[in-house]
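Q: Sequence isn't available, so here's the structure alone:
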């Protein structure tokens, strides 16, 4: 039996460099062991209102994803799950919901990395500012306290409503994992990288059982703002990671 391939299902040369960036982010997320089997997803909005986006295909390991593998989706297309290359239904539920309702969510990364997930399992999932990395997220996260099972469409719609504040670009998904937003792939990936580092520092500090040395609100906010304003930090981070892949002869750009 043969299938006609719909135009929307074909890889497009449009936004190719953004696809390359996203493919690189998948490769390095696998290297950093922040993914979980073939169950996590990244998406990137490619139109003005954010409703059209590219995302990794269903059940493809992050370490093998290439720029041409990313599938094009429209958050308002109710026939999406009938496509031959239909995405993971939980990815469609969560990412479709976010891109449908949050135009500021240009890049969306959802994973279950170890320390972020441990944080999400605590009764209090708010990271206290105890160092530079943890201070980066001061007053910039939202905690979802109402896990409702796998992120099918109803759960995705609920989560999207928690992301209305553009300043808060990290959602600690209670009993689940973490979801990170960014203005670009580099922005989202670097935020994800540092959040997992911050979660590790915080969890390890808690594990000592000793009293934490917590920064004042004023210093924590000052540090967070200084890091937000630091020139080209995210862009240079991803650029260097792509340079490593290129040196190694990776096929992520294909």
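A: Received, thanks. All values derive from a computational prediction rather than experimental measurement.
Q: what distance separates the lowest-mean-pLDDT helix or strand in the chain from the centre of its chain?
A: Lowest on mean pLDDT, DSSP states H and E among the helices and strands of the chain sits helix 153-161, with a mean of 84. On the basis of C-alpha atoms, centre = their mean, to the nearest Å, helix 153-161 sits 16 Å off its chain's mean C-alpha point.
Q: Over to stretch 187-201?
A: For stretch 187-201, the distance to the chain centre is 10 Å (C-alpha atoms, centre = their mean).
Q: which residues are in contact with it?
A: 25, 28-29, 32, 34, 42, 106-109, 111, 113-116, 118-119, 127, 130-131, 133-134, 136-137, 169-170, 178, 180-182, 233-234, 237-238 (C-beta atoms under 8 Å, 6 or more residues apart in numbering). Where you see a C-beta, it was placed from the backbone N, CA and C, and this is true even at glycine.
Q: Check these for burial and list the buried ones.
A: 25, 28-29, 34, 42, 106-109, 111, 113, 115-116, 118-119, 127, 130, 133-134, 136-137, 169-170, 178, 180-182, 234, 237-238 (16 or more other C-beta atoms under 10 Å).
Q: Inside strands: which ones of these?
A: Judged by DSSP state E, strands contain the following of the buried ones among the contacts of stretch 187-201: 42, 107, 108, 109, 111, 170, 178, 180, 181, 182.
Q: JSON lines for these, including pLDDT?
A: As requested, these are exported to JSON lines (pLDDT from 0 to 100):
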{"residue": "42", "pLDDT": "98"}
{"residue": "107", "pLDDT": "98"}
{"residue": "108", "pLDDT": "98"}
{"residue": "109", "pLDDT": "98"}
{"residue": "111", "pLDDT": "97"}
{"residue": "170", "pLDDT": "98"}
{"residue": "178", "pLDDT": "97"}
{"residue": "180", "pLDDT": "98"}
{"residue": "181", "pLDDT": "98"}
{"residue": "182", "pLDDT": "97"}
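Q: can you list the residues you listed in JSON lines and add distance to residue 58?
A: Formatted as JSON lines, those follow (distance: C-beta to C-beta, whole Å):
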{"residue": "42", "distance to residue 58": "13"}
{"residue": "107", "distance to residue 58": "20"}
{"residue": "108", "distance to residue 58": "17"}
{"residue": "109", "distance to residue 58": "17"}
{"residue": "111", "distance to residue 58": "16"}
{"residue": "170", "distance to residue 58": "26"}
{"residue": "178", "distance to residue 58": "21"}
{"residue": "180", "distance to residue 58": "21"}
{"residue": "181", "distance to residue 58": "22"}
{"residue": "182", "distance to residue 58": "23"}
